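J.: Just the structure for this:
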Amino acid sequence: MKLALFLIFVALTSFASCQSAGQKSEYKKFATDADVPRIEVAVAKKDYDAGAVVIVDSRPESAYKSEHIKGAINIPIGAPDDAFGVLPKDKKIIVYCS
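T.: Numbering: from 1, shown residues only. Presented below is the predicted three-dimensional model:
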């Protein structure tokens, strides 16, 4: 059930930033929500099942502690830039916020 809810959230409110293995990666900040790439549910599920993604929960820590997707990393919106250092550079990053 949580996976189904996760996939709905991904489809409606999440974004992805792809990082290719073997390339020098830098995290990009987007000026507006409209500039943020989106990911389709089927693609997110396939990548999640294959272990090819890292899921980031961008909600406040209290919401994350209450409930989150198994394996998700909590990096709340507004976190300092150094908080992103825990993210691997060779996996797709899927961020969700609700």
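J.: drop to CA atoms for contacts and neighbour counts, all remaining ones
T.: Fine.
J.: Got the phi and psi for residue 61?
T.: For residue 61, the backbone dihedrals (degrees, to the nearest 10) come out as phi -60, psi -40.
J.: residues in contact with it?
T.: 74, 76 (CA atoms under 8 Å, 6 or more residues apart in numbering).
J.: Looking at per-residue confidence, what score does it get?
T.: Looking at residue 61, its pLDDT is 95.
J.: Residue 65 too?
T.: 96.
J.: ok, it - contacts?
T.: Counting by CA under 8 Å, 6+ apart, residue 65 has no contacts.
J.: What helix or strand is it located in?
T.: helix 61-66 (DSSP states H and E).
J.: Next SSE downstream of that helix?
T.: Immediately after helix 61-66, counting by DSSP H and E, sits strand 73-74.
J.: Just checking: what are the partner strands of that next one?
T.: Taking DSSP bridges as the criterion, strand 73-74 forms sheet pairs with strand 53-57 (parallel).
J.: C-terminal to the helix or strand of the chain with the lowest mean pLDDT, which secondary structure element comes first?
T.: Using mean pLDDT, DSSP states H and E, strand 15-17 stands out as the lowest-scoring helix or strand of the chain, at a mean of 36. Going down the chain from strand 15-17, the next helix or strand is helix 41-50, by DSSP H and E.
J.: distance between the ends of stretch 54-73?
T.: 8 Å (CA to CA, to the nearest Å).
J.: Now do the buried residues in that stretch.
T.: Neighbour-count burial for stretch 54-73 flags 54-59, 64, 68, 72-73 (criterion: 16 or more other CA atoms under 10 Å).
J.: Among those residues, which one sits closest to residue 79?
T.: residue 58 (9.0 Å; CA to CA).
J.: tell me, how many neighbours does the residue nearest to that closest one when sequence neighbours are not counted end up with?
T.: Spatially, and ignoring its direct neighbours in sequence, residue 58 is nearest to residue 76 (4.2 Å; CA to CA, 6 or more residues apart in numbering). Using other CA atoms under 10 Å, residue 76 is surrounded by 17 other residues.
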